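> next come a sequence and a model predicted from it.
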Amino acid sequence: MAGVRSLHDAVADLVHDGDTVALEGFTHLIPFAAAHEIIRQGITDLTLARMTPDVIYDQLIGAGLVRKLIFSWGGNPGVGSLHRFRDAVENGWPRPLELDEHSHAGMANRYVAGASGLPFATLRGYRGSDLATRTDTVSTVTCPFTGEELAAVRALTPDVAIVHAQRADRAGNVQMWGLTGVQKEAVLASKRALVTVEEVVDALEPRPGAVVLPHWVLDAVSVVPGGAHPSYATGYSERDNAFYRAWDAIARDREAFTAWLDTEVKAAGATGTAEVSR
């Protein structure tokens, strides 16, 4: 059952060395503040899972905390490559990075299988691609009803899911709306779950299209206004496009990145806000 806790304490209790961690959010509601707290605490040897690893995972990879990435697309959206990610793959800096690459549909179905308590999911996918030859988490099954051969993807069950949302009530129920991705599925597939929110309210108001995560599927809620910056939270903040453009130059250079990490994340301390350059 979720309780409202400080971000520092929630991360310390729920995220451990060697964990598989899913920090989900699709362009919107990306949990940057939680990722920065992981960096400050030096939690390492992580396997990161995400449908669209972007700047948040570039930072964690560059900090040397990640040994493996499970993903479907990676880049700095609207700008270009993830240079810390690329440096780790091509040059092993600051450490080698193992990859398990999937399609978007494959990743989404892996979360759905995990959330459903099933060992795998099936889909029509991976045809014409060599992705299935590069991983042991894709296979094929024959439909017992039609005889059709389908792709099968192993269930993804992270140790912990971390997402950002707009609000929670005092009982720990969480509500998010706007552009959502697989946050619900990631939370339900994971052994533990932390949600950072913009605010806590007395009661959640009905909102068409909103996703509600009930308190009994969550382990902790942390109040972190601006916790998605430089991404955004509909109704609370706008996307910081200037930061994404600036990140390209920061991430290209190892020394510039290391200086940025020391100044903007590690030295910032657990202040309860997303510590990023504006």
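Good, I have the coordinates.
> would you map the strands across this protein?
Here the chain has its strands, by DSSP state E, at 3-4, 20-23, 46-50, 66-71, 98-101, 120-123, 138-142, 149-154, 160-169, 174-176, 192-201, 211-213, 220-223.
> for the fifth one, what is the average pLDDT?
Model confidence over strand 98-101 averages 96 on the pLDDT scale.
> same question for the shortest one.
On average, the pLDDT along strand 3-4 is 89.
> same for it, what does it pack against?
Packing partners of strand 3-4 (3 or more CB pairs under 8 Å, 6 or more residues apart in numbering; DSSP states H and E): strand 220-223. Placement of C-beta: from N, CA and C, glycine included.
> what residues does the strand it packs on touch?
2-7, 10, 13-14, 34, 168, 172, 174, 193-200, 272 (CB atoms under 8 Å, 6 or more residues apart in numbering).
> kindly report the same for stretch 193-202.
Residues contacting stretch 193-202 (CB under 8 Å, 6+ apart): 2, 4, 7, 10-11, 14-15, 31, 33-34, 160-170, 174, 187, 213, 217-227, 233, 236.
> and for stretch 248-260?
For stretch 248-260, the external contacting residues (CB under 8 Å, 6+ apart) are 55, 58, 62, 76, 79-80, 82-84, 87, 93, 277.
> quick one, what contacts the residue nearest to Gly78 when sequence neighbours are not counted?
The shortest distance from Gly78 to any non-neighbouring residue, by CB to CB, 6 or more residues apart in numbering, is to Tyr244 (6.3 Å). By CB under 8 Å, 6+ apart, the residues touching Tyr244 are 55, 76-79, 230.
> ditto for Ala228
25, 28-33, 164, 237, 274.
> so which bits of stretch 30-43 are buried?
Using 16 or more other CB atoms under 10 Å as the test for burial, stretch 30-43 gives 30-40, 43.
> check the average confidence over that stretch, would you?
98.
> tell me how far it lies from the chain's centre.
11 Å (CA atoms, centre = their mean, to the nearest Å).
> residues of stretch 99-119 that come out buried?
Under 16+ other CB under 10 Å, the buried positions of stretch 99-119 are 100-115.
> neighbouring contacts of it?
22, 49, 51-52, 68-73, 89, 120-123, 125-126, 129, 131, 134-135, 137-138, 151, 153-158, 182, 184-186, 188-190.
> now the buried members of these.
22, 49, 51-52, 68-72, 89, 120-123, 125-126, 131, 135, 137-138, 151, 153-158, 182, 184-186, 188-190.
> just for this protein, where's the confidence low?
Scanning the chain with the threshold set as pLDDT under 70 gives 1, 269-278.
> which residue ranges make up the domains of it?
The record's domain split for the chain, according to automatic domain parsing, is 3-102+157-266, 104-154.
> pick the most buried one from the ones you listed.
domain 3-102+157-266 (a mean of 20; mean count of other CB atoms under 10 Å).
> ok, which stretches of the stretch 151-278 of the chain are helices?
Counting by DSSP state H, counting those that start in this stretch, the stretch 151-278 of the chain has these helices, from start to end: 183-189, 241-252, 254-261.
> what helices or strands is the first one leaning on?
Looking back up the chat, that one is helix 183-189. Against helix 183-189 (3+ CB pairs under 8 Å, 6+ apart) you get helix 104-116, strand 160-169, strand 211-213.
> the second one packs against which elements?
Packing contacts for strand 160-169, counted by 3+ CB pairs under 8 Å, 6+ apart, involve strand 20-23, helix 32-41, strand 174-176, helix 183-189, strand 192-201.
> the helices and strands packed on helix 183-189: which one's closest to Phe145?
helix 104-116 (18.9 Å; CB to CB).
> before we move on, back to that, would JSON lines of the helices of the stretch 151-278 of the chain with distance to Pro208 be doable?
Output for these, formatted as JSON lines (distance: least, CB to CB, whole Å):
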{"stretch": "helix 183-189", "distance to Pro208": "16"}
{"stretch": "helix 241-252", "distance to Pro208": "28"}
{"stretch": "helix 254-261", "distance to Pro208": "40"}
